[in-house]
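1. Sequence first, then the predicted structure:
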Amino acid sequence: MSPTFAQLGVPDSICSALAQRGITEPFEIQTATLADTLSGRDVCGRAPTGSGKTLAFGIPLVAATERAEPKRPRALVLAPTRELAEQITLEIQSFAGPVRVHAVYGGVGYEGQIRALRRGVEILVACPGRLEDLISSRHVDLSAVDRVVLDEADRMADMGFMPAVRRLLDQTAESRQTVLFSATLDGDVAKLTRDYQNDPTRHEVGDETPDITAAHHTFWKVAKADRAGVTSQAVNAVWPAIIFCRTRHGSDRLAKQLGREGVQAETIHGGRSQRQRSRALNDFSKGRVQALVATDVAARGIHVDGVALVVHYDPPEDHKAYVHRSGRTARAGESGIVLSLAQSDQMRDLRRMQRAVGIDVDFTEPDAGGLRQLALKPNPELVAGHEPEPETARPRPQRSRSEGRPRTRATGGKGRSSRRDDRPKSRSNSKKASSGARNAGPKSRKPARKSSAKSKSGSKVRHSAQQSTKGNNGGPNRKARRAHLQPGARRSA
Ligand code: ADP
Ligand code: MG
């Protein structure tokens, strides 16, 4: 039996604040690291997206951080993107009590950030660039920082932040605790560990990359001119959807085209202001829009739970990008659909990519109805060469996480089951019905199919709109979501 938060040494006040959010059992990475981090040791951890790293590092910060003087934070969390910094801040604030947690990042005005720093911030969550600005203008000073967390260190390296991260670490107290989380622990991250951590304990959980075999993978043959139309049909059949485009311009254009086809979509890319990005993310995570159109870079570090469909509108750069994009859906034991649009001259590369990620899926004609059917099915196993196994023989992905969740899945809890249904309230005319899609919980997973797009078996599609009656802003699936932007929201819809 895994220990409770209290048994791991988490103070009662934090335990009860977490319990109020339905968080009662630690996830695996939390169990693995909390005792060490709470005792002040350096930790370096690797765990997949969605495995609960924020609480793993946030709890010890809140538990031990001392009162800060103006402009002199005591703890620092460095994160690669604004969105991630915001998510971390909200998550930690949800149980921080009187401990002041504030984020600083670029793309927004300085005033609010400067004001907060002047009042005093115990835990500062920052993107490296803005933090360096604020230091050089003397609005903040890191010499009192004796706890540092580097979140998504590999991404900070990818995005070119390593020199800044090192400069920042050099300004913190020498006797500090340094905790590092990353999706990989080699390369630049290994160097950082060597240079800036003191005898860290190392904890690794789960596979190095997302387990994309949990999703249904589908490849549609589509002529270039038809892509937007086909995408809108797909999204209308299955959403919430994240659609990946190669360029900012392409994302904007697609969002407009989708709008004309009656699909509500928001874009998120590096060319949009912070305010626009926040609003897009917020609208998406609350179910006000069906789709988020994103570039790869902008999508880094964002995670919204409950994404039903990932569309590779433009092919991914390489097989790694396919895995990372696709990992936005079918997380933590949920199912999900990954749809790739393939023009005839792209098929060869996409075949090669399939082999590289270990899937083997035929290219089929677009079939939105089939997609909807697929959304109602349990997860497949599509690893090439694998024969179907009985469910009991197959470990669930990220087991600890799914089991730690305060939600009912196997019993068809209404929460997420409605999310694939019809469109936001204003457009939906589907009838109220039971939540068929999820009644088949993880326990009743079906054996593998090779080409998921073909499966149009006789199972009845039930349209479960689960409409809220008044024009609330959440849309039909509002409760079905657990977006990180709403840490105060109940997690078990
Ligand atoms: P990561 O940083 O590893 O990608 P997050 O820290 O963002 O993942 O956590 C993913 C989600 O899981 C968040 O919504 C978070 O509130 C939730 N979560 C984290 N730990 C627990 C837990 N022990 N029990 C239930 N939910 C949790
Ligand atoms: Mg995280």
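-> Arrived safely, thanks for sending. Ligands and ions are numbered 1, 2, ... in the order given.
2. so where do the strands sit in the stretch 251-400 of the chain?
-> Under the criterion DSSP state E, counting those that start in this stretch, strands of the stretch 251-400 of the chain are mapped to 265-268, 291-295, 309-312, 337-342, 363-364.
3. Note down every partner strand of the last one and its orientation.
-> The one in question is strand 363-364. Strand 363-364 pairs in its sheet with strand 216-221 (parallel), by DSSP bridges.
4. And for the third one?
-> Partner strands for strand 309-312, per DSSP bridges, with pairing direction: strand 241-245 (parallel), strand 337-342 (parallel).
5. pLDDT on the helix or strand L90 falls within, on average?
-> Following DSSP states H and E, the helix or strand that holds L90 is helix 82-93. In this model, helix 82-93 carries a mean pLDDT of 94.
6. go on, stretch 191-201?
-> The average of the pLDDT scores along stretch 191-201 is 95.
7. in that stretch, what's buried?
-> By neighbour count with 16 or more other Cβ atoms under 10 Å, stretch 191-201 contains the buried residues L192, T193, Y196, Q197, P200, T201. No exception for glycine: its C-beta is placed from N, CA and C like everyone else's.
8. Which of those residues fall within strands?
-> Per DSSP state E, strands hold the following members of the buried residues of stretch 191-201: T201.
9. Can you convert the buried residues of stretch 191-201 into a markdown table and add a column each for distance to F57?
-> Shown next, in a markdown table, are the buried residues of stretch 191-201 (distance: Cβ to Cβ, whole Å):
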| residue | distance to F57 |
| --- | --- |
| L192 | 16 |
| T193 | 15 |
| Y196 | 15 |
| Q197 | 14 |
| P200 | 13 |
| T201 | 14 |
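10. quick one: which two of the buried residues of stretch 191-201 are the most distant?
-> L192 and T201 (16.0 Å; Cβ to Cβ).
11. Can I get stretch 355-363 in PDB? Just the C-alpha atoms.
-> Extracted in PDB, the C-alpha atoms of stretch 355-363 (Å, rounded to 0.1, in the frame of the first residue of the first chain):
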ATOM      1  CA  ARG A 355       7.500   2.400 -38.100                       C
ATOM      2  CA  ALA A 356       9.700   4.600 -35.900                       C
ATOM      3  CA  VAL A 357       7.000   5.000 -33.300                       C
ATOM      4  CA  GLY A 358       5.900   1.400 -33.500                       C
ATOM      5  CA  ILE A 359       2.500   1.700 -35.000                       C
ATOM      6  CA  ASP A 360       1.100   0.200 -38.200                       C
ATOM      7  CA  VAL A 361      -2.000   1.900 -39.500                       C
ATOM      8  CA  ASP A 362      -3.500   2.000 -43.000                       C
ATOM      9  CA  PHE A 363      -4.300   5.300 -44.700                       C
END
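12. How far off centre is stretch 2-15?
-> 25 Å (Cα atoms, centre = their mean, to the nearest Å).
13. Is it positioned near ligand 1?
-> No: applying Cβ under 6 Å from any ligand atom, one finds stretch 2-15 separated from ligand 1 by no less than 7.8 Å.
14. okay, S451: pLDDT?
-> The per-residue confidence score, pLDDT, reads 33 for S451.
15. now swap in L134 and tell me
-> The per-residue pLDDT of L134 was computed as 98.
16. pretty sure it is in a helix, no?
-> Yes: residue assignment for L134, taken from DSSP: H, G, I helix; E, B strand; the rest coil, places it within a helix.
17. which residues does it contact?
-> Under the criterion of Cβ atoms under 8 Å, 6 or more residues apart in numbering, the neighbours of L134 are V104, Y110, Q113, I114, L117, V140.
18. do that again at 6 Å, thanks
-> Each residue near L134 by Cβ atoms under 6 Å, 6 or more residues apart in numbering is listed here: V140.
19. can you tell which of the strands paired with strand 309-312 is closest to ligand 1?
-> Distances from ligand 1 to each of these were compared using Cβ to the nearest ligand atom; the shortest belongs to strand 241-245, at 15.5 Å.
20. so that closest one versus strand 291-295, what angle?
-> Between the axes of strand 241-245 and strand 291-295, defined by axes from the mean of the first three to the mean of the last three Cα atoms, to 10 degrees, the angle is 30 degrees.
21. picking up where we left off before, any chance of the strands paired with strand 309-312 in CSV, plus mean neighbour count, distance to G229 and mean pLDDT?
-> Supplementary listing: the strands paired with strand 309-312 in CSV, determined by neighbours: other Cβ atoms under 10 Å; distance: least, Cβ to Cβ, whole Å; pLDDT from 0 to 100:
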stretch, mean neighbour count, distance to G229, mean pLDDT
strand 241-245, 26, 13, 94
strand 337-342, 26, 11, 95
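22. Redo the ones you listed as JSON lines? Include distance to ligand 1.
-> As requested, these are exported to JSON lines (distance: least, Cβ to the nearest ligand atom, whole Å):
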{"stretch": "strand 241-245", "distance to ligand 1": "15"}
{"stretch": "strand 337-342", "distance to ligand 1": "19"}
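23. Near ligand 1, which residues of the stretch 1-150 of the chain are found?
-> 23, 25-27, 30, 47, 49-55, 91.
24. How is A190 assigned, secondary-structure-wise?
-> A190 carries the three-state label helix when classified by three-state DSSP.
25. wait, I meant P98
-> Under the three-state scheme (three-state DSSP), P98 adopts coil.
26. number of nearby residues for it?
-> Residue neighbour count, defined by other Cβ atoms under 10 Å, stands at 8 for P98.
27. F27 too?
-> Residue crowding around F27 was assessed by other Cβ under 10 Å; the count is 26.
28. circling back: what would the buried residues of stretch 191-201 look like in JSON lines with distance to ligand 1?
-> Shown next, in JSON lines, are the buried residues of stretch 191-201 (distance: Cβ to the nearest ligand atom, whole Å):
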{"residue": "L192", "distance to ligand 1": "18"}
{"residue": "T193", "distance to ligand 1": "18"}
{"residue": "Y196", "distance to ligand 1": "21"}
{"residue": "Q197", "distance to ligand 1": "19"}
{"residue": "P200", "distance to ligand 1": "18"}
{"residue": "T201", "distance to ligand 1": "18"}
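29. Which element, helix or strand, includes S232?
-> Element membership of S232, judged by DSSP H and E, is helix 227-237.
30. what packs against that helix?
-> helix 248-260, helix 368-375 (3 or more Cβ pairs under 6 Å, 6 or more residues apart in numbering; DSSP states H and E).
31. Now the nearest residue to T89 once chain neighbours are set aside, what are its backbone angles?
-> Nearest in space to T89, with sequence neighbours left out and distances taken as Cβ to Cβ, 6 or more residues apart in numbering, is A103 at 4.2 Å. Here the main-chain torsion angles of A103 (degrees, to the nearest 10) amount to phi -110, psi 140.
32. Quick check: bridge partners of A103?
-> Once the bridges are assigned, which here means DSSP bridges, A103 pairs with V125.
33. Distance-wise, check the spatially closest residue to R246 that is not a sequence neighbour relative to G287.
-> For R246, ignoring the flanking residues on the chain, the nearest one in space by Cβ to Cβ, 6+ apart is D314 at 4.0 Å. Noted for D314: a distance of 26 Å to G287, by Cβ to Cβ, to the nearest Å.
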